[in-house]
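# I need the structure of the sequence given here:
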Amino acid sequence: MIISVFNLHLQFTDKFIIAFSGDLAATGKQEEYKNARILIARIVKGIKAKQGQSFIELLAVPGNHDLNFPNNSRLGKDIQNYYNNN
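Numbering: from 1, shown residues only. Alright, predicted model coming up:
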């Protein structure tokens with residue numbers, strides 16, 4: 001589905017910026033990032049197959065599910081307190 005959307009616009013550009021706006025993972029575990037990497041690689045490969053060696057820049061902004069803090073983590077508690085109090 002994602003590749004088919006890109007295919008509609010590939011003929012009109014030679015530069016791509018792909019932004020992932022958070023939550024590449026559900027719980028922030030390493031295995032989930034391996035799966036995300038496979039998906040992203042498929043997207044990039046699909047673009048390059050249609051466009052050759054187009055310039056492709058990736059931007060990923062972490063979301064709340066991309067962070068895996070144990071409940072007793074000081075940093076995790078600090079972040080929770082900040083959002084609870086602001």
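
# wait, residue 17 sits on residue 60?
No: assessed by CB atoms under 8 Å, residue 17 is found out of contact with residue 60, at 11.7 Å. (Each C-beta comes from the backbone N, C-alpha and C, glycine too.)

# show me which of these two is the more surrounded one.
Neighbour count, other CB atoms under 10 Å: between residue 17 and residue 60, residue 60 has more, with 14 against 9.

# residue contacts, that one?
19-20, 24 (CB atoms under 8 Å, 6 or more residues apart in numbering).

# neighbour-wise, which one of those residues leads?
residue 24 (20 neighbours).

# so it sits right up against residue 66, yeah?
Yes: contact criterion CB under 8 Å: residue 24 and residue 66 qualify, at 5.8 Å.

# for the most centrally placed residue in the chain, which residues are in contact?
When CA atoms, centre = their mean is applied to the chain, the residue found nearest the centroid is residue 20 (3.9 Å). For residue 20, the contact set (CB under 8 Å, 6+ apart) comprises 40, 58-61.

# distance of it from residue 26?
Distance, residue 20 to residue 26, by CB to CB, to the nearest Å: 14 Å.

# pLDDT score for residue 68?
You'll see residue 68 listed with a pLDDT of 69.

# residue 37 too?
For residue 37, the model assigns a pLDDT of 90.

# list the buried residues for the one helix or strand it maps to?
Taking DSSP states H and E as the definition, residue 37 sits inside helix 30-51. By 16 or more other CB atoms under 10 Å, the buried positions in helix 30-51 come out as 32, 36, 43, 46-47, 51.

# that one: what's the following helix or strand?
Proceeding N to C from helix 30-51, the next assigned helix or strand is strand 55-60, under DSSP H and E.

# any weak-confidence spans in this structure?
1-3, 6-7, 9-11, 53, 68-76, 79 (pLDDT under 70).

# for the closest residue to residue 32 other than its chain neighbours, give me its contacts.
Leaving aside its sequence neighbours, residue 32 sits nearest to residue 25 (CB to CB, 6 or more residues apart in numbering; 3.6 Å). Residue 25 sits next to 32-33, 36, 65-66, 68 when contact means CB under 8 Å, 6+ apart.
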